[in-house]
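quick one: sequence plus predicted model below, questions after.
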Amino acid sequence: MGHHTEVFVGIDTSKSRNAIAIADGGRGGEVRYLGEFPATEAAIRKLVAKLAAKCCRLTFCYEAGPTGYGLYRLLKSLGHDCLVVAPSLVPKKAGDRVKTNRRDAVSLAKLLRADELTAVWVPDERHEAMRDLSRARQAVKKDLQGKRQQISSLMLRLGRIYPGKTTWGPAHMRWLMSQKLEHREQRIVFEELLEGIRQESERMERLEDAIREVVPEWSLAAVVSALQAVRGIDLITAPFVAIKIREQCRH
């Protein structure tokens, strides 16, 4: 590769290896596939140093995915521009359904050079940690709702109808605990579901306590406070909403 003023680098990421393609600056600049490289910090640093030695400006891009934002932060720390794009926002040719690491890397490099990619918001490490905490709470909530639905379905099949108005409160739980099932197999299922609800409820409480503890020192604490003025949004759900709003801003 000769010396170029600007080079655009497309990266198709994976857990163990990254496929790399480059597009030279200028409308008719050459596009080349460099191959696959280990997805390690050492390998990335070595490749970037090699490219930087032959180019005045490097701009990188890759699609957001399970590998996270470590690559973005590394490239930025090395002094280079980098875009992280949502896969759904990457332009696709009609009828082009063939996907390979090489084709994806080359396509990203071309689109980056053509300025046809839209960057998503990349959270800093603290934002990402808060998002992980909020998502963990959402996942537990979903698990808890699933177990509750299983118990409700079991009770309905057995003709056990709760006479009260509000379910899953202390009175409802006492009613459930008082139920005597005839068959051992159903008792096992019922007891396991009740134990699952207890465990998920405790997990929920621990995660919600953690959210209450860390929100005041978070950079979006003021946003969280403002969101609580909206009906139906409390201190626990407000961080999740705040992060979603920030993600929609993209930059």
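Yep, it's here.

what's the average pLDDT for stretch 131-139?
What stretch 131-139 shows for mean pLDDT is 93.

tell me which element Cys56 is part of?
strand 55-63 (DSSP states H and E).

against which helices or strands is that strand packed?
The helices and strands touching strand 55-63, judged by 3 or more CB pairs under 8 Å, 6 or more residues apart in numbering; DSSP states H and E, are strand 4-12, helix 41-52, helix 70-77, strand 81-85, helix 101-113. The way it works is simple: take the backbone N, C-alpha and C, and place the C-beta from them, glycine included.

can you tell which of the ones you listed is closest to Met173?
Of all the helices and strands packed on strand 55-63, helix 70-77 sits nearest to Met173, with 43.7 Å by CB to CB.

could you check the angle helix 41-52 makes with that closest one?
50 degrees (axes from the mean of the first three to the mean of the last three CA atoms, to 10 degrees).

residues in contact with helix 70-77: which ones?
Among residues not part of helix 70-77, those counted as contacts by CB atoms under 8 Å, 6 or more residues apart in numbering are 11, 13, 18, 39, 41, 44-45, 48, 60, 62, 82, 84, 122, 125.

lowest-pLDDT helix or strand in this protein?
Counting by mean pLDDT, DSSP states H and E, the weakest-scoring helix or strand in the chain turns out to be helix 238-248, with a mean of 83.

any idea how far the residue nearest to Arg187 when sequence neighbours are not counted is from Asn101?
Nearest non-adjacent residue to Arg187, counting by CB to CB, 6 or more residues apart in numbering: Leu181, 4.6 Å away. Separation of Leu181 from Asn101 (CB to CB, to the nearest Å): 54 Å.

pLDDT below threshold where in the stretch 101-250 of the chain?
Applying pLDDT under 70 to the stretch 101-250 of the chain flags residues 249-250.

what about Arg137, how many neighbours?
21 (other CB atoms under 10 Å).

can you tell me the helix or strand for it?
Arg137 is part of helix 125-157 when elements are defined by DSSP H and E.

got the angle for the helix or strand following that helix vs helix 125-157?
Next along the chain after helix 125-157, taking DSSP H and E as the criterion, comes helix 170-177. Angle, helix 170-177 to helix 125-157, by the same axes, to 10 degrees: 50 degrees.

what domains does the record give for this protein?
Domains of the chain are assigned by automatic domain parsing as 4-113, 125-248.

what's the most buried one of those?
domain 4-113 (a mean of 16; mean count of other CB atoms under 10 Å).
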